[in-house]
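>>> Give me the fold of what follows.
(one chain, ligands or ions: 1)
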Amino acid sequence: MTAPIRKAVFPVAGLGTRFLPATRAMPKEMLTVVDKPLIQHVVDEARAGGIEHFIFVTGRNKGVIEDHFDKQIELEQTLKERGKQAELDMLTASLPSPGQTSFTRQQEPLGLGHAVWCARDLVGDEPFALLLPDVLVQSSGKGCLAQLQEEYKRSGGNVIAVEEVPDDATHRYGIADIERGAGASHAVKGMVEKPVPGAAPSNLIIMGRYLLQPEIFGILEGQQRGAGGEIQITDAMITLLASQKFTAVEYEGKSFDCGSKIGFLAANIAFALEREDLRDALLEEIAKLT
Ligand code: G1P
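So this is what the prediction gives:
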């Protein structure tokens, strides 16, 4: 049996131009879905999926992400003095332990593949998880990364989460071509990054959660620019597929593309509706609007 993967990489260097002016001084990963920044939702999913070390590939103006995952001594002191134990417990529960976070910088915006490559020394020679913080996943049972870890324990190799989208959306994503299995796990035959409309080999997008073997770093080292003139992780995975197994998992849950305004707004509503303290009041407010 393969041991679960312990380290995760979070590429958080993106400029967030689609959310200007909100992101003029604030990283897009700190935009709030209900009452947690996007990045914390994704880190929580990773922790629930067995991750013990969180590696952030940041860029200029992203310092607040590092602060967010640090202990806030003055704040904790004030909460204690005011008897706000619930808030204090919540802060403590979501704080990584000392030494569980690492930060490095992607100095230039050369693409997702390049961002992952920047984490090579921090990951070292072991398999790792990659979670794109623009994508939030809501699932009724286990989180998406936990579901990938289960598949990894069964089949090893590389594992990616995939999800069906309509035909007219495939050109915006990486697409997996699969050999359909009996259940929700399928062998990957091929992949393509942002195929031109009508040319996608399937409707299954590479959704934004990956478990990858460290050999990907050697490939990324020499990776040429691909779609959009950027160094793409999908292109490096295509090379790795020639020598290693990739399994695509149609995970249980629903993803929200929080890199788009509609996806972000929908995520806020969906995540609020699953909260008992907010659901009824929010439904009432929505009813008043329509
Ligand atoms: C990236 C990946 C793509 C994946 C997508 C998921 O694209 O390159 O393969 O399908 O994330 O959101 P981006 O959204 O950075 O253009």
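
>>> use CA for all of it now, contacts and neighbours both
Will do.

>>> Enumerate every residue touching the closest residue to residue 188 other than its chain neighbours.
In space, and not counting its chain neighbours, residue 188 is closest to residue 178: 4.4 Å by Cα to Cα, 6 or more residues apart in numbering. Listed by Cα atoms under 8 Å, 6 or more residues apart in numbering, the contact set of residue 178 reads 186-190, 202, 248.

>>> Can you name every helix or strand that the helix or strand hosting residue 41 contacts?
In this structure, residue 41 is located in helix 38-48 according to DSSP states H and E. Packing partners of helix 38-48 (3 or more Cα pairs under 8 Å, 6 or more residues apart in numbering; DSSP states H and E): strand 135-138, helix 144-155.

>>> could you redo the last one with a cut-off of 7 Å?
Other elements packing on helix 38-48 under the criterion 3 or more Cα pairs under 7 Å, 6 or more residues apart in numbering; DSSP states H and E are helix 144-155.

>>> which element follows the host helix or strand of residue 272 toward the C-terminus?
Secondary structure from DSSP H and E places residue 272 in helix 261-273. Scanning forward in sequence from helix 261-273 by DSSP H and E, the next helix or strand is helix 279-289.

>>> ok so, going back, centre of the chain versus the helix holding residue 41, how much separation?
8 Å (Cα atoms, centre = their mean, to the nearest Å).

>>> Need the contact partners of it.
With Cα atoms under 7 Å, 6 or more residues apart in numbering as the test, helix 38-48 has contacts from 29-32, 133, 136, 143, 145-146.

>>> ok, now stretch 75-83?
Residues contacting stretch 75-83 (Cα under 7 Å, 6+ apart): residue 88.

>>> average pLDDT across it?
Mean pLDDT, stretch 75-83: 91.

>>> again with stretch 122-131
In this model, stretch 122-131 has a mean pLDDT of 97.

>>> Repeat that for stretch 100-110.
95.

>>> With stretch 161-170 instead?
Across stretch 161-170, pLDDT averages out at 95.

>>> For it, buried residues please.
Going by neighbour count (16 or more other Cα atoms under 10 Å), the buried part of stretch 161-170 is 161-163, 170.
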